[in-house]
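Q: Sequence below, structure please.
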Amino acid sequence: MNAATGLQTSASLGQQLVDLAPLIELLLIGAGLALLPAAAVVWRARRQGVRGWPAWQRVLTVATLFLTLDLVIFGAFTRLTDSGLGCPDWPGCYGEMSPFHARADIHAAHEASPTGPVSPTKAWIEMVHRYLATAVGALITGLMLLAWRQRDEPGALSPWWATLTFVWVCVQGAFGALTVTMKLQPLIVTGHLLGALLGVALLTTQARMLDPAPLGEPEGSDARRARWANAGLRRAGFVVLALLTLQVASGAWVSTNYAVLACAEFPTCQGQWWPAMDFEQAFRLWRPLGGDGQGGVISMAGLTAIHMAHRMLAGVVSVALVVFAWRLARWRAQDDGPDRADDRVNDRMNGSTGFSASTREGRMPGVTLVPPVPVWRREARVLALLLLAQIASGLSNVVLGWPLAAALAHTFGAALLVWWLTRLLVLPREQATWRLLLRGQDARVESDTGSHQRPQLPPHQGLHGTASRASVS
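A: Next comes the predicted model:
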């Protein structure tokens, strides 16, 4: 096989698979790249009057999330252009910090195998991906250090969330190294993609927990938040998110095994509704790229099984997302909870006013009326549109011969679905806590002596929280 020969040639020309000589230079490049978006975000936030560590923590977390999404797309571009081994060692390129410094080795490898994985263009694509990954790692490291430094600030998120994200990015770096050293083994590459989406979910969770935006209108937001925290639909949403994760893993398995074109038409495959398939070979996880795990080459039946499994699971996940979006659009703050049945009886006895009896009787402290209007209608529409776009890009991959634009859109769509579902399921900050925090900040600014007492807020939210709060994860 030409691909196998190319891999062997590139490996033989590289002195070693892991060469840490350029590590310091790469870390400095990543830190420099991280300073550019960080400086832009800080400048913009200052102009908007952002103050207080909790607000800054959210701004920096959202910026890191945005760059992580960009990194997911560029990682997909690296994989889809067959540039993953453009530099056959790690973390540098032939022991150098850039393809420019390694141009002689790259030229020699390309001359030895013109159709192999090494070329000047592929080397630059792979190294830019590594530079961007290092920049995201630098931002996450900075967030963690700041989170621990400001851990006693009222309203701040627990520093353990930032620490968990730092651990994640280190594990992702290890998977990146294994992707190169194990020559794009499908299981490793699939794990690398799933890890990237885990990072998206982690950063989204933190940004959402710091989000002061109300659920629906500001009036009654905390009551709606409390209802949503215990809603059966929210619990069902976690099941949908788990199904989506399984589907993403299936899609990554299709892509990393190059099984997209095993079926070149839809809805049939190879002119049949149920073509010849070998599921045992298809899901033999520990095997090299293109191999069957037993010293041979994976068969067309195995590739077809990988493709068809993804199609069938896509049908199940699509139905689950459609039903969830439909229920989400109809969900009202009084539609769930153990007191709802009694509320309906009391409403009929006392005369229905459109508000639950529990609300009228003051079961929600601090809120007297909560209009039963849909809370998630806009979010449900966005979820439905993301699903439609994902279906369209998936079909385009099949019927148009796996074009790069459609493949990138499909990966990006998966990341956006994970982001949006996570955002829906994680609870934002309580409005009462946010108002108290703002009053405390205003008082400290107005205080000339700096002796104004801080508001009595929980020191952290989430993993390190000490006060009783609704579950957000």
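
Q: For V171, which non-adjacent residue is spatially closest?
A: G195 (6.6 Å; C-beta to C-beta, 6 or more residues apart in numbering). C-beta: built from backbone N, CA, C; applies to glycine.

Q: Revised request: answer the last question for R225.
A: Leaving aside its sequence neighbours, R225 sits nearest to L215 (C-beta to C-beta, 6+ apart; 5.3 Å).

Q: Surely that neighbour is in contact with W228?
A: Yes. Look at L215 against W228 with C-beta atoms under 8 Å: they come within range, at 6.6 Å.

Q: Any chance you could list what contacts stretch 378-388?
A: 318, 321-322, 324-326, 328-329, 413, 416-417, 420-421, 424 (C-beta atoms under 8 Å, 6 or more residues apart in numbering).

Q: Now that we have those, which of them are buried?
A: If you count burial by 16 or more other C-beta atoms under 10 Å, the buried members of the contacts of stretch 378-388 come out as S318, L321, F324, A325, L328, A329, G413, L416, L417, W420, L421, L424.

Q: one step back: correct me if wrong: the residue nearest to V171 contacts F175.
A: Yes. In this structure G195 lies within contact range of F175 using C-beta under 8 Å: 5.7 Å.

Q: What values do phi and psi take at the closest residue to A21 other than its chain neighbours?
A: With sequence-adjacent residues excluded and distances taken as C-beta to C-beta, 6+ apart, A21 is closest to G95, at 5.3 Å. Dihedral pair for G95: phi 80, psi 10, per degrees, to the nearest 10.

Q: What number of neighbouring residues does G95 come out with?
A: Applying the criterion other C-beta atoms under 10 Å, we find 17 residues in the vicinity of G95.

Q: mind listing what it touches?
A: G95 sits next to Q15, Q16, D19, A21, P22, D89, A102 when contact means C-beta under 8 Å, 6+ apart.

Q: Considering those, which possesses the most neighbours?
A: Highest neighbour count within the contacts of G95, by other C-beta under 10 Å: D89, with 25 neighbours.

Q: Hmm, L20 and it touching each other?
A: No. With contact defined as C-beta under 8 Å, D89 does not reach L20; the gap is 10.1 Å.

Q: Tell me if the residue nearest to V171 really is in a helix.
A: Yes. With the criterion set as DSSP: H, G, I helix; E, B strand; the rest coil, the secondary structure at G195 is a helix.

Q: That one: how many residues sit nearby?
A: If you count neighbours by other C-beta under 10 Å, G195 ends up with 17.

Q: about what we covered before: export the contacts of stretch 378-388 to JSON lines and tack on distance to V382, pLDDT and secondary structure?
A: As requested, the contacts of stretch 378-388 are exported to JSON lines (distance: C-beta to C-beta, whole Å; pLDDT from 0 to 100; DSSP: H, G, I helix; E, B strand; the rest coil):
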{"residue": "S318", "distance to V382": "16", "pLDDT": "98", "secondary structure": "helix"}
{"residue": "L321", "distance to V382": "12", "pLDDT": "98", "secondary structure": "helix"}
{"residue": "V322", "distance to V382": "14", "pLDDT": "98", "secondary structure": "helix"}
{"residue": "F324", "distance to V382": "13", "pLDDT": "98", "secondary structure": "helix"}
{"residue": "A325", "distance to V382": "9", "pLDDT": "97", "secondary structure": "helix"}
{"residue": "W326", "distance to V382": "14", "pLDDT": "97", "secondary structure": "helix"}
{"residue": "L328", "distance to V382": "10", "pLDDT": "96", "secondary structure": "helix"}
{"residue": "A329", "distance to V382": "11", "pLDDT": "95", "secondary structure": "helix"}
{"residue": "G413", "distance to V382": "12", "pLDDT": "97", "secondary structure": "helix"}
{"residue": "L416", "distance to V382": "9", "pLDDT": "97", "secondary structure": "helix"}
{"residue": "L417", "distance to V382": "10", "pLDDT": "98", "secondary structure": "helix"}
{"residue": "W420", "distance to V382": "6", "pLDDT": "97", "secondary structure": "helix"}
{"residue": "L421", "distance to V382": "11", "pLDDT": "97", "secondary structure": "helix"}
{"residue": "L424", "distance to V382": "9", "pLDDT": "95", "secondary structure": "helix"}
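
Q: does the residue nearest to R225 sit in a helix, a strand or a coil?
A: Secondary structure of L215, reduced to three states by three-state DSSP: coil.
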